[in-house]
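# Dropping a prediction and its sequence here:
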Amino acid sequence: MQSISYNRQLTMPNDIQSTVRSVSTNIDDTKMLSFITEAQLQDIKPVIGDSLYIDLLKYANRSETDPVNEVYDALMDGAIYQYNDVDYMFAGLRFALNYYAYARIVKFGDGNVTRFGFVNKQDQYSSRPDIAEKQMEYKDATKTADTVMQDCIRFIEHNIESFPKYAAGKVIKTGITIQCVGD
């Protein structure tokens, strides 16, 4: 078994702050990195599979002398491409990941665990949105991320020969929900 440690995630806090809706520069990078890690593990890895996810992490942590992988760069940063004489455009996996992490910031960003329990920080110059506003922003950010993620998967599937690690270790979702109604 190989232990892997990476200095760089697929996105970084400054990428979120410069890409998504308004995010304060005063949010602790350590907190943002935990949201990025959660988004990678819960929203990205199950969709693209363990093997491709690990390969993308290795690519993000490569040295500057290592060769460039243009198809990975396109997947990460978005591109305009042609498939069967039809033009497609997508924003990239990093953009989707930034929105998944942003959604977590909206949902959990103002909470801290203290010796007094879970608290929300507030000072004399701030006001808290009600829970409905927070939920609405979280859902909208997640919807944006999901839409971009679908475009990324379409790009992978349109260029499947360039992504041999895509299917390996992928979590298959059946879409079947079983509910018990009545007694």
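On my side now, so go ahead. A quick note: this is a predicted structure, and the numbers were derived from the prediction, not measured.
# Flag every buried residue along stretch 151-161.
The neighbour-count check on stretch 151-161 (16 or more other C-beta atoms under 10 Å) flags Asp151, Cys152, Phe155, Ile156, His158, Asn159 as buried. Where you see a C-beta, it was placed from the backbone N, CA and C, and this is true even at glycine.
# Next, the nearest residue to Ala60 once chain neighbours are set aside: secondary structure please.
Once flanking residues are discounted, Ala60 sits nearest to Arg8: 5.1 Å by C-beta to C-beta, 6 or more residues apart in numbering. Under the three-state scheme (DSSP: H, G, I helix; E, B strand; the rest coil), Arg8 adopts coil.
# Relative to Ile153, how far out is the most centrally placed residue in the chain?
Per C-alpha atoms, centre = their mean, the C-alpha nearest to the average position across the chain is that of Leu97, at 2.1 Å. For Leu97, the distance to Ile153 (C-beta to C-beta, to the nearest Å) stands at 14 Å.
# what does Gln40 give?
According to C-beta to C-beta, Gln40 stands 16 Å off from Ile153.
# and what of Ala145?
Relative to Ile153, and taking C-beta to C-beta, Ala145 is found at 13 Å.
# Equivalent analysis for Asn84, please.
Noted for Asn84: a distance of 17 Å to Ile153, by C-beta to C-beta.
# Against which helices or strands is the top helix by length along the chain packed?
For the chain, the longest helix by residue count, based on DSSP state H, is helix 131-158. Here helix 131-158 touches helix 45-48, helix 70-77, strand 79-83, strand 86-90, helix 93-108, going by 3 or more C-beta pairs under 8 Å, 6 or more residues apart in numbering; DSSP states H and E.
# What average pLDDT does the longest one get?
Over the span of helix 93-108, the pLDDT mean works out to 92.
# That one - contacts with which helices or strands?
Under the contact criterion of 3+ C-beta pairs under 8 Å, 6+ apart, helix 93-108 touches helix 13-19, helix 29-39, helix 70-77, helix 131-158.
# Dump those helices to TSV, plus distance to Met89 and mean pLDDT.
Converted to TSV, these look like this (distance: least, C-beta to C-beta, whole Å; pLDDT from 0 to 100):
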stretch	distance to Met89	mean pLDDT
helix 13-19	17	81
helix 29-39	23	90
helix 70-77	11	97
helix 131-158	8	92
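# could I get those helices as CSV with distance to Lys45?
Listed next are those as CSV, based on distance: least, C-beta to C-beta, whole Å:
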stretch, distance to Lys45
helix 13-19, 18
helix 29-39, 10
helix 70-77, 14
helix 131-158, 12
